[in-house]
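Trainee: Kindly generate the corresponding structure for this input.
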Amino acid sequence: ITAFLLTAGAAQAAVYPVPVQTLIEQGVQVEAEFKAPGGLTGYAARCQGQPLALYLTADSKQVIVGTMLDAQGKNLSEAQLETHLPAPDFDSAWPLLEKAHWVREGAADAKRIVYVFTDPNCPYCNAFWRATQPHIGKHLQVRHILVGILAASSTGKAARILAADDPAAALAQHESSHAAGGIQPLEKIPAEIQRKLMANNQLMSQLGAQATPMIFYKDRQGKVRQILGMPPSDVLARDIVQQPAKK
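Mentor: The predicted structure is shown next:
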């Protein structure tokens, strides 16, 4: 088993054993329980939208987070996660995303389209923006759905970007100077811009997320997938960017 160990802390009332409950309080969502080899109790869970296997030790004092392998190196966690965590169906979300109030980066006729809910004060949104910049162009188009949820200035900054003569340029200006605070918030927000931001916030809530970035993309089979949070570099390259094969 590869992963890390979390030991139980002070006793507390919980639906799950204390180590598992501790992870739940840190944002892990447990969706199913199963019997695992070695006398362990397994849990199928999600963290930031990604599937995760948990294994509770027989004494219920530790939980192991990660992948279980057998003596032949076979991944035993994969089948359990596929059984207990069927991929959510986000296909119906795509038309809603298309109608949202977004800022486009990349060519209008780009083959690859990715949507991301972006709060101007979100450092992980900024990390995603920086990671995608080398790929923006004729192949990749990123549509930023601006929201204001993290700080008092978030709505004003998002409003200034949406109200700009060139929203894409305003977004780039903001993200490139993010560490220094980015773009100045718009103090008096026009009613139309306020309406757009409220609609974006409501759509984000409707799609089940309370944090940014929330990313939607289509996999190689055309199914709509969701990632919550900054994806690891391998996931970014494999699932988000999907550069076309070289001929």
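
Trainee: now the helices: where do they sit in the chain?
Mentor: Applying DSSP state H to the chain gives helices spanning 18-25, 76-84, 93-98, 123-132, 154-163, 167-176, 191-206, 233-235.

Trainee: Now tabulate these in JSON lines and tack on mean neighbour count, distance to Val147 and mean pLDDT.
Mentor: In this view, the C-beta of every residue, glycine as well, is placed from N, C-alpha and C. Shown next, in JSON lines, are the helices of the chain (neighbours: other C-beta atoms under 10 Å; distance: least, C-beta to C-beta, whole Å; pLDDT from 0 to 100):
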{"stretch": "helix 18-25", "mean neighbour count": "19", "distance to Val147": "25", "mean pLDDT": "93"}
{"stretch": "helix 76-84", "mean neighbour count": "16", "distance to Val147": "30", "mean pLDDT": "91"}
{"stretch": "helix 93-98", "mean neighbour count": "14", "distance to Val147": "13", "mean pLDDT": "96"}
{"stretch": "helix 123-132", "mean neighbour count": "19", "distance to Val147": "10", "mean pLDDT": "97"}
{"stretch": "helix 154-163", "mean neighbour count": "23", "distance to Val147": "7", "mean pLDDT": "98"}
{"stretch": "helix 167-176", "mean neighbour count": "18", "distance to Val147": "13", "mean pLDDT": "97"}
{"stretch": "helix 191-206", "mean neighbour count": "16", "distance to Val147": "5", "mean pLDDT": "95"}
{"stretch": "helix 233-235", "mean neighbour count": "10", "distance to Val147": "22", "mean pLDDT": "88"}
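
Trainee: So which residues of this structure form strands?
Mentor: 2-7, 29-36, 40-47, 50-56, 62-67, 102-105, 112-118, 140-146, 214-218, 224-228 (DSSP state E).

Trainee: Between those strands, which one is closest to Lys157.
Mentor: Lys157 lies closest to strand 140-146 among the strands of the chain, at 8.5 Å (C-beta to C-beta).

Trainee: Now do that closest one: distance to the chain's middle.
Mentor: Distance of strand 140-146 from its chain centroid, counting by C-alpha atoms, centre = their mean, to the nearest Å, is 14 Å.
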